[in-house]
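Student: how would this look folded up:
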Amino acid sequence: MVSVKIIAVGKLREPYFREAFDEYAKRLSTFCKLTVDEVEQEKLSDAPSDKEIEKALSAEAENILRKIPAGSCVIPLCIEGRRYGSEEFAGIIGKELSAGTGNLVFIIGGSFGLADKVKSAGKLKLSMSEMTFPHRLARIMLAEQLYRAFSILNNRKYHK
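Tutor: The predicted structure follows:
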(Lines give C-alpha, C1' and ligand atoms only; values in the text may rest on other atoms or scores of the structure.)
Protein backbone atom coordinates (compact mmCIF):
# COMPACT_ATOMS: atom_id res chain seq x y z
CA MET A 1 0.00 0.00 0.00
CA VAL A 2 1.25 3.46 -0.86
CA SER A 3 2.40 5.66 2.00
CA VAL A 4 1.35 9.30 2.15
CA LYS A 5 3.02 11.48 4.74
CA ILE A 6 2.08 15.04 5.57
CA ILE A 7 4.81 16.96 7.33
CA ALA A 8 3.25 20.08 8.81
CA VAL A 9 4.63 22.93 10.85
CA GLY A 10 2.42 23.43 13.89
CA LYS A 11 -0.39 21.43 15.44
CA LEU A 12 -4.11 21.18 14.81
CA ARG A 13 -5.31 22.39 18.18
CA GLU A 14 -8.90 23.29 17.39
CA PRO A 15 -11.29 20.33 17.69
CA TYR A 16 -13.22 21.32 14.56
CA PHE A 17 -10.02 21.27 12.46
CA ARG A 18 -8.98 17.91 13.96
CA GLU A 19 -12.41 16.41 13.32
CA ALA A 20 -12.45 17.56 9.70
CA PHE A 21 -8.95 16.23 9.07
CA ASP A 22 -9.70 12.95 10.84
CA GLU A 23 -12.73 12.38 8.61
CA TYR A 24 -10.61 12.59 5.45
CA ALA A 25 -7.83 10.54 7.06
CA LYS A 26 -10.40 7.81 7.75
CA ARG A 27 -11.62 7.93 4.15
CA LEU A 28 -8.06 7.83 2.83
CA SER A 29 -7.30 4.65 4.80
CA THR A 30 -8.99 2.69 1.99
CA PHE A 31 -6.34 3.87 -0.48
CA CYS A 32 -3.14 4.57 1.43
CA LYS A 33 -1.35 4.61 4.73
CA LEU A 34 -1.57 8.24 5.83
CA THR A 35 0.70 9.62 8.53
CA VAL A 36 1.20 13.12 9.84
CA ASP A 37 4.45 14.38 11.30
CA GLU A 38 4.08 17.70 13.08
CA VAL A 39 7.13 19.93 13.37
CA GLU A 40 7.14 22.46 16.13
CA GLN A 41 6.76 26.02 14.90
CA GLU A 42 9.65 28.22 15.98
CA LYS A 43 8.76 30.99 18.39
CA LEU A 44 9.00 34.51 16.99
CA SER A 45 8.61 37.97 18.48
CA ASP A 46 5.39 39.90 17.87
CA ALA A 47 7.02 41.89 15.08
CA PRO A 48 9.78 39.63 13.76
CA SER A 49 12.52 40.97 11.53
CA ASP A 50 13.32 39.34 8.21
CA LYS A 51 16.46 37.88 9.78
CA GLU A 52 14.47 36.39 12.68
CA ILE A 53 11.98 34.86 10.24
CA GLU A 54 14.78 33.43 8.11
CA LYS A 55 16.42 31.88 11.17
CA ALA A 56 13.12 30.31 12.28
CA LEU A 57 12.41 28.93 8.78
CA SER A 58 15.91 27.47 8.66
CA ALA A 59 15.44 25.70 12.01
CA GLU A 60 12.05 24.36 10.90
CA ALA A 61 13.61 23.22 7.61
CA GLU A 62 16.19 21.08 9.40
CA ASN A 63 13.43 19.36 11.37
CA ILE A 64 11.33 18.88 8.23
CA LEU A 65 14.13 17.48 6.08
CA ARG A 66 15.01 14.88 8.75
CA LYS A 67 11.49 13.47 8.51
CA ILE A 68 11.51 12.77 4.76
CA PRO A 69 12.05 9.07 3.97
CA ALA A 70 14.68 8.36 1.32
CA GLY A 71 13.27 7.80 -2.16
CA SER A 72 10.08 9.74 -1.51
CA CYS A 73 8.31 12.01 -3.95
CA VAL A 74 8.39 15.30 -2.04
CA ILE A 75 5.75 17.95 -2.74
CA PRO A 76 5.98 21.16 -0.72
CA LEU A 77 2.94 23.43 -0.63
CA CYS A 78 3.99 27.00 -1.33
CA ILE A 79 2.60 30.15 -2.84
CA GLU A 80 4.92 30.04 -5.84
CA GLY A 81 3.90 26.47 -6.60
CA ARG A 82 1.72 25.43 -9.49
CA ARG A 83 -2.04 25.12 -9.15
CA TYR A 84 -3.64 21.95 -10.50
CA GLY A 85 -7.22 20.94 -11.08
CA SER A 86 -8.36 17.89 -9.14
CA GLU A 87 -8.13 15.54 -12.13
CA GLU A 88 -4.67 16.83 -13.05
CA PHE A 89 -3.55 16.40 -9.43
CA ALA A 90 -4.89 12.84 -9.46
CA GLY A 91 -2.92 12.25 -12.67
CA ILE A 92 0.29 13.38 -10.99
CA ILE A 93 -0.29 11.02 -8.08
CA GLY A 94 -1.18 8.20 -10.47
CA LYS A 95 1.98 8.81 -12.49
CA GLU A 96 4.14 8.66 -9.34
CA LEU A 97 2.46 5.46 -8.20
CA SER A 98 2.87 3.90 -11.67
CA ALA A 99 6.55 4.81 -11.60
CA GLY A 100 6.93 2.78 -8.42
CA THR A 101 7.06 5.64 -5.95
CA GLY A 102 5.84 4.13 -2.70
CA ASN A 103 6.09 7.25 -0.58
CA LEU A 104 4.46 10.60 -1.23
CA VAL A 105 5.45 13.38 1.15
CA PHE A 106 3.56 16.66 1.28
CA ILE A 107 5.02 19.54 3.29
CA ILE A 108 2.97 22.37 4.77
CA GLY A 109 4.82 25.29 6.32
CA GLY A 110 3.77 27.61 9.10
CA SER A 111 2.49 31.15 8.82
CA PHE A 112 5.73 32.35 7.20
CA GLY A 113 5.92 29.48 4.73
CA LEU A 114 8.88 27.22 4.05
CA ALA A 115 12.62 27.78 3.70
CA ASP A 116 14.00 27.61 0.18
CA LYS A 117 15.95 24.44 0.98
CA VAL A 118 12.67 22.63 1.72
CA LYS A 119 11.08 23.93 -1.47
CA SER A 120 14.08 22.87 -3.54
CA ALA A 121 13.86 19.33 -2.09
CA GLY A 122 10.52 18.91 -3.83
CA LYS A 123 9.90 17.14 -7.10
CA LEU A 124 7.27 19.78 -7.75
CA LYS A 125 5.79 22.65 -5.82
CA LEU A 126 2.05 22.75 -5.21
CA SER A 127 -0.10 25.82 -4.64
CA MET A 128 -3.65 25.33 -3.36
CA SER A 129 -4.88 28.71 -4.59
CA GLU A 130 -3.95 32.30 -5.22
CA MET A 131 -5.84 33.01 -2.01
CA THR A 132 -4.15 32.82 1.38
CA PHE A 133 -5.40 30.18 3.83
CA PRO A 134 -4.38 29.39 7.41
CA HIS A 135 -1.87 26.52 7.38
CA ARG A 136 -4.20 24.52 9.63
CA LEU A 137 -6.95 24.74 7.04
CA ALA A 138 -4.48 23.87 4.26
CA ARG A 139 -3.93 20.50 5.94
CA ILE A 140 -7.64 19.73 5.72
CA MET A 141 -7.85 20.96 2.14
CA LEU A 142 -4.89 18.78 1.18
CA ALA A 143 -6.43 15.72 2.83
CA GLU A 144 -9.68 16.34 0.94
CA GLN A 145 -7.86 16.71 -2.37
CA LEU A 146 -5.86 13.56 -1.71
CA TYR A 147 -9.09 11.69 -1.04
CA ARG A 148 -10.59 13.15 -4.22
CA ALA A 149 -7.48 12.19 -6.22
CA PHE A 150 -7.51 8.60 -4.98
CA SER A 151 -11.26 8.45 -5.67
CA ILE A 152 -10.63 9.60 -9.25
CA LEU A 153 -7.82 7.07 -9.70
CA ASN A 154 -10.06 4.28 -8.40
CA ASN A 155 -13.17 5.32 -10.37
CA ARG A 156 -15.16 6.13 -7.24
CA LYS A 157 -18.19 8.42 -7.41
CA TYR A 158 -16.90 11.06 -4.95
CA HIS A 159 -15.49 13.30 -7.70
CA LYS A 160 -18.11 15.05 -9.83
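Student: Buried residues in the longest strand seen in the chain, which are they?
Tutor: Ranked by number of residues, the top strand in the chain under DSSP state E is strand 73-82. Neighbour counts over strand 73-82 (16 or more other C-beta atoms under 10 Å) mark 73, 74, 75, 76, 77, 78, 81 as buried. Where you see a C-beta, it was placed from the backbone N, CA and C, and this is true even at glycine.
Student: mind giving me TSV with those and columns for pLDDT and distance to residue 65?
Tutor: Below are the buried residues of strand 73-82 laid out as TSV (pLDDT from 0 to 100; distance: C-beta to C-beta, whole Å):
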residue	pLDDT	distance to residue 65
73	95	15
74	97	9
75	97	14
76	98	11
77	96	16
78	94	15
81	95	18
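Student: Could you save those as a markdown table and add columns showing distance to residue 3?
Tutor: Listed next are these as a markdown table, based on distance: C-beta to C-beta, whole Å:
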| residue | distance to residue 3 |
| --- | --- |
| 73 | 11 |
| 74 | 13 |
| 75 | 14 |
| 76 | 17 |
| 77 | 18 |
| 78 | 22 |
| 81 | 22 |
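Student: Of those residues, which is the nearest to residue 21?
Tutor: Nearest to residue 21 out of the buried residues of strand 73-82 is residue 77 (C-beta to C-beta; 14.8 Å).
Student: in the sheet, who's paired with the closest one?
Tutor: Beta bridges link residue 77 to residue 108, residue 126, judged by DSSP bridges.
Student: Helix, strand, or coil at the spatially most central residue of the chain?
Tutor: Most central in the chain under C-alpha atoms, centre = their mean is residue 106, positioned 3.4 Å from the mean C-alpha point. Three-state call for residue 106 (DSSP: H, G, I helix; E, B strand; the rest coil): strand.
Student: Look up how far residue 145 lies from it.
Tutor: 10 Å (C-beta to C-beta, to the nearest Å).
Student: which stretches of this structure have low pLDDT?
Tutor: 159-160 (pLDDT under 70).
Student: how about the helices in it?
Tutor: 15-28, 50-66, 86-98, 116-119, 135-153 (DSSP state H).
Student: Just give me the neighbour total for residue 154.
Tutor: Counted by other C-beta atoms under 10 Å, the residues lying close to residue 154 total 12.
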